[in-house]
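Asks: Build me a structure from this.
(chains A and B)
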2 protein chains.
Amino acid sequence: MPIVVQKYGGTSVGDVDRMKRVADRVARSHRGGNQTVVVVSAMGKTTDDLVSMAARISDHPPERELDILLTSGERISMSLLAIALAERGVPAKSFTGSQAGIITDAVHGKARIVDITPGRVQGALEEGNVVIVAGFQGVSQDTKDITTLGRGGSDTTAVALAAALGADVCEIYTDVDGVFTADPRIVSNARKLDFVSYEEMLEMSAQGAGVLQVRSVEFGRNHGVRIHVRSSFSYTDGTWVGPQEDKMEDAIISGVAHDTSEAKVTVQGVPDTPGVAARLFGALGETNVNIDMIVQNVSLDGRTDISFTLPRGDQAKALAMLEPLVTEIGAEGIHVDDDIAKVSLVGAGMKTHPGVAARMFGALSAAGVNIEMISTSTIRVSVVVSKTQVEQAVLAVHDAFNLGEDQVLEEGN
Amino acid sequence: MPIVVQKYGGTSVGDVDRMKRVADRVARSHRGGNQTVVVVSAMGKTTDDLVSMAARISDHPPERELDILLTSGERISMSLLAIALAERGVPAKSFTGSQAGIITDAVHGKARIVDITPGRVQGALEEGNVVIVAGFQGVSQDTKDITTLGRGGSDTTAVALAAALGADVCEIYTDVDGVFTADPRIVSNARKLDFVSYEEMLEMSAQGAGVLQVRSVEFGRNHGVRIHVRSSFSYTDGTWVGPQEDKMEDAIISGVAHDTSEAKVTVQGVPDTPGVAARLFGALGETNVNIDMIVQNVSLDGRTDISFTLPRGDQAKALAMLEPLVTEIGAEGIHVDDDIAKVSLVGAGMKTHPGVAARMFGALSAAGVNIEMISTSTIRVSVVVSKTQVEQAVLAVHDAFNLGEDQVLEEGN
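Replies: Predicted structure coming up:
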């Protein structure tokens, strides 16, 4: 019997009526003869509400307790969905992350899955149940405390469970039809992609295409899980994510991603001596802040500026760590710019087609967009621009590579 | 170091500001040198809101799933309280019922505690933490599923933990100053009792004095836990609940309790043959419905009426079980009256003082209150009256036994 893992995000289970529609869809999978495992997020803004209650109590809530608090949201949705399925005559059992055997490390708020022991899930499936698992959460191997996997962690729960169960497919249901060449809210003729490779999806997720959490894509790639990103509001096919295939070679560019959730930090006047960067980023690493782009400007007079981007939510933590360090290493100061946006061009074909970066920079220049930082990988070029220019930048790049619905894909170089 | 268990109900932690006040009080206990364990209920109407979401999805939600749903509420309050304590510089760790070792049977919605293995709680106390435990919930010994202990179950969690930890006192914080001779909302001169015996408290709780869950009192009595019922809004002493003491012998009557949460079911025209009552109540017992008063009227012509009261919430379940049975045993029909109230007079001295019941019935009669059912124990007399007359009845009985603030207690007979 095929095993299907389905993941429904917070919008898909946003209220009781949407929960019922999800139940209809799950029931259909069950009746279609699939062993069905459903991973759910918290309903709508539940998690935000919980975070804001905690913020009213403390500016620095202990992370262990914050994790316990936040996992309540999935607990509510999973049991409501089980109730909705029972109402439809479909036997269903819900399990918390801990009960489902999602074993993690002890890094509260950003735990990583270290093992999955899905014995109870498999038992309940074999009894003929739909199994519902709370996304976003697990239990720490060492402390037995409840942990969370970070925002979007339910995607990782789903893909990891799919890997552990040997599922035929992991369906990620969301409020859009799939993965697009750019954000359709900005680019009106953005095109839905039928397929993207793990590598491209990784880059796109990392660069702000919010449709899949980066770690879930990594997990999928490492364990060969076929992922199907699709809409919970329709039955049409979405975007498949899988290994790079030969026939895909010709498609140079998959799409344009953008991200307005980061801030840029510049440490000014850093003595240009060996080991300074290592100390800076070593210290930041210990705080579990995810540093994204790093750029070091040309050294003048034995001093240099080091800039990096990081999630705005981690800004306070990073600054608290950096401020004493800046004095210690003899730097001149710190400057923060949280009015930035990152625009990235992603495509697996890019590495064998020179000139992509140049064409992108040309398009931005023609659109009057100033580039503040640049960073590249083999299948991606990212630039940081002013947040006020993000839409112009996305449109210009999308257009320069003819990614739109009504345009013919052409070799770009 | 003294061990204190404190339990805060839903009103005491009703919103973020009240939660902060509870944190102040807990911090005070901790700084006063107590090893402090705090049991919390869900905030305000959280549990009701969860129940109503489930009701919008299904009329008959599976009890396993309903239990998982409902336990979310305590999870939210326990972590918020831990955060509030940390904000006050008090180290705190929160644990779910399962993590705290509250082991129950598998009767969802009404599970009974079968064992407590508080190893993690003790460990965290020894590390110097305040320990916060989610009330109302446990984990089933056999199925490892999450269970709930029924409405008011947090009281039982607190008393059971106090017993398991050998606590010096179990403080039950509530929104009233203690246990009163009658509901102060009805009887303006109702008096706060400084002390009641376990037995009296049991009867008063069972008869509708909502201040303590019956099972928590049983647990306290069986394990000799000293319980202090007091207000979370003041620092004045409340009511102590403990073993009957010699000096208490003179107080005949403790108070008047009333309960408007029940319905009366009458099975009409039951063949007056042996074994019929056993079949009726045996069947009801299997559904885990708590039958309260049972009265069988005088048999006429080989047929009799059997009436009993039960929580209105269990009415549907009881009727579903009874309706086929009524035909089977050859009874004539079922009549349900959910417009009733129960008024009870409770006092440990009653058993050695004849005439208490007569005086109560006389007072009711003088107040024009019609008695529909009567049931007695050694320390209690209960009557069922029309719900419209409950206030008159409580006032009349309270007055007849001179229980009020400005009255002198006198020997009643």
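
Asks: rest of the way, CA atoms for contacts and neighbours
Replies: Fine.

Asks: A:N370 touches A:L364, doesn't it?
Replies: Yes - the criterion here is C-alpha atoms under 8 Å, and A:N370 meets it with A:L364 at 7.4 Å.

Asks: Look at these two and report which has more neighbours.
Replies: Using other C-alpha atoms under 10 Å in any protein chain shown as the criterion, A:N370 and A:L364 rank with A:L364 on top: 22 against 16.

Asks: would you say that one is within a helix?
Replies: Yes - using DSSP: H, G, I helix; E, B strand; the rest coil, the assignment for A:L364 is a helix.

Asks: OK, contacts around it?
Replies: A:N370, A:I371, A:A393, A:A396, A:V397 (C-alpha atoms under 8 Å, 6 or more residues apart in numbering or on different chains).

Asks: How about the residues of the stretch 201-350 of chain A by chain B?
Replies: By C-alpha under 8 Å from any C-alpha of the partner chain, no residue of the stretch 201-350 of chain A approaches chain B.

Asks: what are the ranges of the helices in the stretch 51-200 of chain A?
Replies: In the stretch 51-200 of chain A, helices defined by DSSP state H, counting those that start in this stretch lie at A:63-70, A:72-87, A:119-126, A:153-165, A:198-206, listed in chain order.

Asks: and the angle from the second one to helix B:72-87?
Replies: Helix A:72-87 and helix B:72-87 meet at an angle of 180 degrees, taking axes from the mean of the first three to the mean of the last three C-alpha atoms, to 10 degrees as the criterion.

Asks: close to chain B, is helix A:72-87?
Replies: Yes - using C-alpha under 8 Å from any C-alpha, we find that helix A:72-87 touches chain B at A:72-73, A:75-80, A:82-84, A:86-87.

Asks: May I ask which two of those residues are separated the most?
Replies: A:S72 and A:E87 (22.9 Å; C-alpha to C-alpha).

Asks: Looking at these two, which one has more neighbours?
Replies: Neighbours were counted for A:S72 and for A:E87 using other C-alpha under 10 Å; A:S72 has more, 24 against 18.

Asks: quick one, what contacts the more buried one?
Replies: A:S72 touches B:S72, B:G73, B:R75, B:I76, counting by C-alpha under 8 Å, 6+ apart.

Asks: Need the phi and psi values for the residue lying closest to the second one once chain neighbours are set aside.
Replies: Spatial nearest neighbour of B:G73, chain neighbours left out: B:A42 (4.5 Å); criterion: C-alpha to C-alpha, 6 or more residues apart in numbering or on different chains. Geometry field for B:A42 lists phi and psi as phi -70, psi 150, criterion degrees, to the nearest 10.

Asks: Partner strands of the worst-scoring helix or strand of chain A on mean pLDDT and their direction?
Replies: One helix or strand of chain A scores below all others by mean pLDDT, DSSP states H and E: strand A:294-296, with a mean of 76. According to DSSP bridges, strand A:294-296 forms sheet pairs with strand A:303-311 (antiparallel).

Asks: what sits up against the strand it pairs with?
Replies: For strand A:303-311, the external contacting residues (C-alpha under 8 Å, 6+ apart) are A:261-272, A:289-299.

Asks: Could you report the pLDDT at the spatially most central residue of chain A?
Replies: Closest residue to the average C-alpha location of chain A: A:Q213 at 2.3 Å, with C-alpha atoms, centre = their mean. For A:Q213, the model assigns a pLDDT of 83.

Asks: Equivalent analysis for A:T287, please.
Replies: For A:T287, the model assigns a pLDDT of 78.

Asks: Ok, A:L403 next?
Replies: Turning to A:L403, the model gives it a pLDDT of 89.

Asks: cool, A:T96 as well?
Replies: 96.

Asks: Please verify my assumption that it contacts A:S77.
Replies: No - judged on C-alpha under 8 Å, A:T96 makes no contact with A:S77 at a distance of 10.8 Å.

Asks: which neighbours do those two share?
Replies: A:A134.

Asks: Tell me which of those two has more neighbours.
Replies: A:S77 (30 against 25).

Asks: Would you agree the more buried one is in contact with A:V40?
Replies: Yes - under the criterion of C-alpha under 8 Å, A:S77 makes contact with A:V40 at 6.7 Å.

Asks: Tell me which residues of stretch A:230-249 come out buried.
Replies: A:R230, A:S231, A:S232, A:F233, A:G238, A:T239, A:W240, A:V241, A:G242, A:P243 (16 or more other C-alpha atoms under 10 Å in any protein chain shown).
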